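Asks: When you get a sec, could you give me coordinates for this:
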Amino acid sequence: MTSEFLPPDLSDQQQDDNPEKMMTWVGHLSELRSRLLKTVLFFMLVFCVLYPFADRVLDVLMLPLAKAMEKTGGSHRVIFTGLAEGFITHLKLSAFAAALLTFPFMAFQIWRFVSPGLYENERKFVRPIFFASPVLFVLGGVFVFFVLTPIAFKFLLSFQQLTSSENVLPVVLEARLSEYLSFLMTLILAFGLSFQLPIVLVVLGHLRIIKAQNLKDFRRYAIVLIFVAAAVLTPPDVVSQFALALPLLFLYESAVWYIQALEKKTDRDYK
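Replies: Okay, here's the model as predicted:
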């Protein structure tokens, strides 16, 4: 048998294929690195731009506490006790504001990275998610700022004893700057991430990992878990816990409704 009829060497064929695969992986990794680099550079640019305006960011974040103090009385000031605490606080404020503004840009970069590998029907599903995720995150922060903090601070400041009897000192709040800002920023991040709940459930439903009926059967446990999460994330008062739990329950039910509608549409398409 002549050599022209011999089967090709499999090892040579694999070696011929590997460079193409390696180029593909190298191209994806290079694209991912480029997107990450753009996100980091955007964050650094926004951080540098916002640092001179850290005082204004501080004024905005102080508004809930200032309004609560005006209504309850007592000390109308915030202190810091460490020599470098004021400077470090300005760095944290700039980084926090830069992170919030970078989040939509990061979502856009992720979309640009994954969209070329998606089919058209997958793009139609994924595209709204990348736009809805930053919006829900912002809504979580707005909810903290305008709904939760007025209720929570009113309750927490009610423990002040502004008047005192003879030989007894009054008990008033002397809020420490770093502790207050850490408390408020943690709440904003926690609520922003909690408001991503429907996004996670809708993605799992689209991938057929869960069904609407599964969420309905899990509803009683979901209610308990949501209230436990609300108790952990919010200040220790019942009103604040309900202020987080009720929106999360609404978002949970919205995800159930959307997944159910998606399943009905898929069933009609297959018929």
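
Asks: where exactly do the strands run in this structure?
Replies: Listed in chain order, the strands of the chain (DSSP state E) span 78-79, 175-176.

Asks: Burial-wise, tell me which of the ones you listed comes out on top.
Replies: strand 175-176 (a mean of 16; mean count of other Cβ atoms under 10 Å). (C-beta placed from N, C-alpha, C; glycine too.)

Asks: can you list contacts of that one?
Replies: Strand 175-176 is contacted from outside by Leu65, Ser75, Arg77, Val78, Ile79, Phe80, Thr81, using Cβ atoms under 8 Å, 6 or more residues apart in numbering.

Asks: is it true that Thr89 touches Ser182?
Replies: No: between Thr89 and Ser182 there is no contact under Cβ atoms under 8 Å: 9.5 Å.

Asks: Looking at the two, which is more packed in?
Replies: Remark: of Thr89 and Ser182, Thr89 carries more neighbours, 19 against 13, as counted by other Cβ atoms under 10 Å.

Asks: any idea of the pLDDT on the more buried one?
Replies: pLDDT recorded at Thr89 is 89.

Asks: Next, the contact list for it, please.
Replies: Thr89 makes contact with Leu58, Phe80, Leu177, Ser178, Leu181 under the criterion Cβ under 8 Å, 6+ apart.

Asks: Helices of the stretch 1-150 of the chain, start to end?
Replies: Under the criterion DSSP state H, counting those that start in this stretch, the stretch 1-150 of the chain contains helices at 10-50, 54-72, 85-114, 120-143, 149-157.

Asks: most tightly surrounded among those?
Replies: helix 149-157 (a mean of 19).

Asks: gap between that one and the chain center?
Replies: Relative to its parent chain, helix 149-157 has a centroid offset of 23 Å by Cα atoms, centre = their mean, to the nearest Å.

Asks: mind checking how far Ala98 is from Ile226?
Replies: Applying Cβ to Cβ, to the nearest Å, the value for Ala98 to Ile226 is 31 Å.

Asks: repeat for Lys265
Replies: Applying Cβ to Cβ to Lys265 and Ile226 gives a distance of 28 Å.

Asks: More neighbours: those two, which one.
Replies: Remark: of Lys265 and Ile226, Ile226 carries more neighbours, 21 against 10, as counted by other Cβ under 10 Å.

Asks: Now for that one: which residues touch it?
Replies: Counting by Cβ under 8 Å, 6+ apart, Ile226 makes contact with Ala245, Leu248, Leu249, Tyr252.

Asks: How about the contacts made by the last one?
Replies: I take that to be Tyr252. Per Cβ under 8 Å, 6+ apart, neighbours of Tyr252: Leu197, Pro198, Leu201, Leu215, Arg219, Ala222, Ile226.

Asks: Include distance to Gly205 when you put the helices of the stretch 1-150 of the chain into TSV, please.
Replies: TSV is the format used below for those (distance: least, Cβ to Cβ, whole Å):
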stretch	distance to Gly205
helix 10-50	27
helix 54-72	36
helix 85-114	19
helix 120-143	11
helix 149-157	33
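
Asks: among these, which is nearest Ile259?
Replies: Ile259 lies closest to helix 120-143 among these, at 12.2 Å (Cβ to Cβ).

Asks: what sits against the residue lying closest to Leu244 once chain neighbours are set aside?
Replies: Distances taken as Cβ to Cβ, 6 or more residues apart in numbering put Ala230 closest to Leu244, at 4.1 Å, once the chain neighbours are dropped. Ala230 sits next to Ser240, Gln241, Phe242, Ala243, Leu244, Ala245, Leu248 when contact means Cβ under 8 Å, 6+ apart.

Asks: for Ala212, same thing?
Replies: Gly205, Val256, Ile259, Gln260, Glu263.

Asks: Would you check which pair of those residues lies furthest apart?
Replies: Of all pairs drawn from the contacts of Ala212, the widest gap by Cβ to Cβ lies between Val256 and Glu263 and measures 10.7 Å.

Asks: Can you pick out the residue with more neighbours from the two?
Replies: Val256 (24 against 16).

Asks: And that one, what's its pLDDT?
Replies: In this model, Val256 is scored at 90, pLDDT.
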